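Novice: my questions concern the predicted model and sequence given below.
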Amino acid sequence: MSGGFKGIIGWQKTSFIDYPGTVSTVLFFEGCNLRCPYCHNPDIVLRKLPQIPWTSVQSFLLRRKKMMEGVVLSGGEPTLHAILPDLVREIRESGFKIKIDTNGTDPEMISRCEPDYLALDVKTDPLRYAELGCKDPEFGKKLRNAIEIVKTMGSSAEVRITMASPFISEDVVHRIAELLTGVQKVFLQPLKLTGAVLDSSLGPQNVIPAEQIRSFREMIAPFTGSCIVRGE
């Protein structure tokens, strides 16, 4: 693969939490085809940061090979980048495991990359993704296909749901729970208002109370292997 590859504009060199059970480095890819108001990576989504040379990442991985095992491909949305399968192949041939963080809009790309671990963000009812900027009329089918990939990967995959009003409600959770039937691991993520977000108008009115989040957990848990509220 060309050392001049473009697309990485964020980099957390060492992480102990992004790849479960694995010390990793996290690469953030520019751009996203959704506009979630609570996104904590607005400069990455809007492509406002400088490119990070792939050669710098390569050199780092070679030096840290004995100290870390995994590489997380995040964003933004990494599956927007056509070069991703080649990048995954090169990283894997260097001896690292691959985790992909994705919004599920391109299940075919996920399958081509064959990640060792997959984290799929489910935002709301598939019928409401237009509120998040999704213009793909086939998205509902694609999200279901991405969820099926999660199911086949068992404990090597998870679904994450950010608990943000109005995108998450009791009616939405009922519909999502059925979609997730057979998923082994689901994590509910309370909305955090600290730091920069994509929509500065986001506020306390969008925060779902902890008690209600726990009730949503009870609604989802019977359909899945586990459903855990992060931070509890």
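Specialist: Cool, the structure landed.

Novice: got phi/psi on the most centrally placed residue in the chain?
Specialist: In the chain, the C-alpha nearest the mean C-alpha coordinate belongs to Asp101, at 3.2 Å (CA atoms, centre = their mean). The phi and psi values for Asp101, taken as degrees, to the nearest 10, are phi -100, psi 130.

Novice: mind telling me what element the closest residue to it other than its chain neighbours is part of?
Specialist: Spatial nearest neighbour of Asp101, excluding adjacent residues (CB to CB, 6 or more residues apart in numbering): Ser74 at 4.0 Å. In this view, the C-beta of every residue, glycine as well, is placed from N, C-alpha and C. Ser74 belongs to strand 70-75 when assigned by DSSP states H and E.

Novice: so where do the helices sit in this protein?
Specialist: 42-45, 54-63, 84-93, 107-113, 139-153, 170-179, 210-220 (DSSP state H).

Novice: okay, the ones you listed in CSV with mean pLDDT and distance to Ile9 next?
Specialist: Shown next, in CSV, are these (pLDDT from 0 to 100; distance: least, CB to CB, whole Å):
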stretch, mean pLDDT, distance to Ile9
helix 42-45, 96, 6
helix 54-63, 94, 12
helix 84-93, 95, 14
helix 107-113, 98, 19
helix 139-153, 97, 24
helix 170-179, 96, 31
helix 210-220, 98, 32
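
Novice: just to check, Tyr109 is in contact with Thr79?
Specialist: Quick fix: residue 109 reads Met, not Tyr. Yes - between Met109 and Thr79 there is a contact under CB atoms under 8 Å: 4.1 Å.

Novice: more crowded one of these two?
Specialist: Neighbours per residue, other CB atoms under 10 Å: of Met109 and Thr79, the larger number sits with Thr79, 26 against 19.

Novice: OK, contacts around that one?
Specialist: The contact partners of Thr79, by CB atoms under 8 Å, 6 or more residues apart in numbering, come to Ile100, Thr102, Thr105, Asp106, Met109, Ile110, Cys113.

Novice: at 6 Å what do you get?
Specialist: Counting by CB atoms under 6 Å, 6 or more residues apart in numbering, Thr79 touches Thr102, Asp106, Met109.

Novice: select the longest strand from this structure.
Specialist: Criterion DSSP state E: the longest strand present in the chain is strand 8-19.

Novice: low-confidence stretches in this protein?
Specialist: Scanning the chain for pLDDT under 70 picks out 1-4.

Novice: which other helices and strands does the strand holding Ser74 contact?
Specialist: The elements that strand 70-75 packs onto, with contact taken as 3 or more CB pairs under 6 Å, 6 or more residues apart in numbering; DSSP states H and E, are strand 8-19, strand 22-29, strand 97-102.

Novice: any chance of TSV for these, columns distance to Pro204?
Specialist: Formatted as TSV, these follow (distance: least, CB to CB, whole Å):
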stretch	distance to Pro204
strand 8-19	26
strand 22-29	28
strand 97-102	27
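
Novice: how much does the strand holding Ser74 deviate in direction from helix 84-93?
Specialist: 160 degrees (axes from the mean of the first three to the mean of the last three CA atoms, to 10 degrees).

Novice: now the angle from strand 70-75 to strand 97-102?
Specialist: Using the same axes, to 10 degrees: strand 70-75 against strand 97-102 is 20 degrees.

Novice: so what strands line up beside strand 70-75?
Specialist: Note on strand 70-75: by DSSP bridges, its sheet partners are strand 22-29 (parallel), strand 97-102 (parallel).

Novice: list of residues touching that strand?
Specialist: Contacts of strand 70-75 (CB under 6 Å, 6+ apart): 18-19, 22, 24-29, 91, 96-101.
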